[in-house]
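# Take a look and give me a structure for this.
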Amino acid sequence: MHLDDRRRELAEAMETQGLWPADSPWVRRAILETVPRHRFAPDQLWTWNGHDRYVPVDRGHDQDAWADLVYAGPESSTTIQILDGLPSSSLSCVAVVADMLDSLMLEPGQRILEVGTGAGWNAGLLAARAGAGLVTSVEVDPELAAAAGRRLATAGLDVAVHTGDGNAGWPEGAPYDGVIATYAVDEIPWTWIEQTRPGSRLVIPWGRLGHVALTVADDGKSATGWVQGLGTFMPSRGVDQGLEHHAVRGDGPPDRTVHVDRGLRALTDVNLLFALRVSHPDIRITTTDAKEGLTVRLHDGIRSWATAVIDQDGTTAAYEGGPRQLLAEAEAGRRHWEERGSPGLWDFGMTVTADGQRVWSGAADAGPYMP
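All right, here's what the predicted structure looks like:
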């Protein structure tokens, strides 16, 4: 299938699912016409083999498989780099890229800082809107930075790509009219806000679930805003991601059998999952709903884990290991969420100052959400 056909399929899928931002029509034009995604994909991509590792897919050997990864669908990212067996850089999924660009409220002529250049695609989209010489992008990996710079130059897009620590921003180009990050942080670096003009926007993936859009206060001493949507981003380079569930679980027997009720099914609610992300940020939760029943897995990335299975008859089997009782902690978080009125994802917001950050629900002056 020709790449133009794949772009057309992507456009139709985005349209059918209502994912093109109505308030930013430039985003659709840039993604489909000005800065097509495949021009920023390296010749070697990576895909999970379904068992135990990521394997390379080379454009020269299998053009169709390569194109399938580039245009896998609105909600699919494309892995461009593997380090120590794990993805370390990707072309983000189109739906989230479009949503974040919309949230930035970017206008022509604005100076923008991007942290996390990656393949350079998002920087190219920014430049297509802002204009020549107005986008500064920072990438910690010198090889990625160099390759992105070449792709941007080939596409005729004037972006200043620098190698450096994205968390430090790029003070030489400050102040900026907007900041956008392409990797997740748990704590918003104050340097990003310091380098942004009062009244300007910052769009940042926060933690393992969701991104926020903040507006810098007129006095420059804080930035406040709301959660804008869901999206899982890689963390900044060098952050310990901890162990996966299977590694924490190990091969031995569980330490204990625990009782849970059918309320465990509430963990399929994305609003509750985000609330638990706020109240219990170190607990990682995944759910798998199949015809055999619902499986819920929790772990803390270190020593504690839990697995619960609810079959179609409502019978539950739940087991835990490690020092923490993660199912009880998740249940306490669920009760706290319900006591607060079961706020939805978009009811949450964040205020950041030089002293730290505070997550709230409902209103910025409501106090922290944390129980």
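
# and Tyr71, what does it touch?
Leu3, Arg6, Arg7, Glu9, Leu10, Arg37, His38 (CB atoms under 8 Å, 6 or more residues apart in numbering). Any C-beta I mention is one placed from the backbone N, CA and C, and that applies to glycine too.

# Hmm, Ala181 and Pro205 touching each other?
Yes - applying CB atoms under 8 Å as the test, Pro205 and Ala181 come out as touching, 6.1 Å apart.

# Can you get me the start-to-end distance on stretch 295-309?
One end of stretch 295-309 to the other measures 4 Å (CA to CA, to the nearest Å).

# Report the mean per-residue pLDDT for it.
For stretch 295-309, the per-residue pLDDT values average out at 93.

# repeat for stretch 107-123
The average of the pLDDT scores along stretch 107-123 is 98.

# and what of stretch 40-58?
On average, the pLDDT along stretch 40-58 is 91.

# Give me the sheet partners of the longest strand seen in the chain and which way each runs.
When the chain is scanned for its longest strand (criterion: DSSP state E), the result is strand 196-205. In the sheet containing strand 196-205, its partner strands are strand 176-181 (parallel), strand 211-216 (antiparallel), by DSSP bridges.

# CA atoms only: put it into CSV for me.
Below are the C-alpha coordinates for strand 196-205, written out as CSV (Å, rounded to 0.1, in the frame of the first residue of the first chain):
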residue,chain,number,x,y,z
THR,A,196,8.1,31.3,29.7
ARG,A,197,6.5,34.7,29.4
PRO,A,198,3.6,35.6,31.8
GLY,A,199,0.3,34.6,30.2
SER,A,200,1.9,31.9,28.0
ARG,A,201,1.1,28.2,28.0
LEU,A,202,3.0,25.0,28.9
VAL,A,203,1.8,21.6,27.8
ILE,A,204,3.4,18.8,29.7
PRO,A,205,2.9,15.0,30.0
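
# Just the buried positions in that strand, please.
Neighbour-count burial for strand 196-205 flags Thr196, Ser200, Arg201, Leu202, Val203, Ile204, Pro205 (criterion: 16 or more other CB atoms under 10 Å).

# Not counting sequence-adjacent ones, nearest residue to the third one?
Same thing as Arg201. Gly178 (5.1 Å; CB to CB, 6 or more residues apart in numbering).

# Export the buried residues of strand 196-205 to a markdown table and append columns for distance to Thr307.
Output for the buried residues of strand 196-205, formatted as a markdown table (distance: CB to CB, whole Å):
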| residue | distance to Thr307 |
| --- | --- |
| Thr196 | 43 |
| Ser200 | 45 |
| Arg201 | 41 |
| Leu202 | 38 |
| Val203 | 35 |
| Ile204 | 32 |
| Pro205 | 28 |
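
# Tell me which helix or strand the closest residue to Val97 other than its chain neighbours sits in.
Nearest non-adjacent residue to Val97, counting by CB to CB, 6+ apart: Asn122, 6.2 Å away. Assigned by DSSP states H and E, Asn122 belongs to helix 121-130.

# Between strand 176-181 and that helix, find me the angle.
150 degrees (axes from the mean of the first three to the mean of the last three CA atoms, to 10 degrees).

# List the beta-bridge partners for the residue nearest to Arg201.
Ile112, Arg201.
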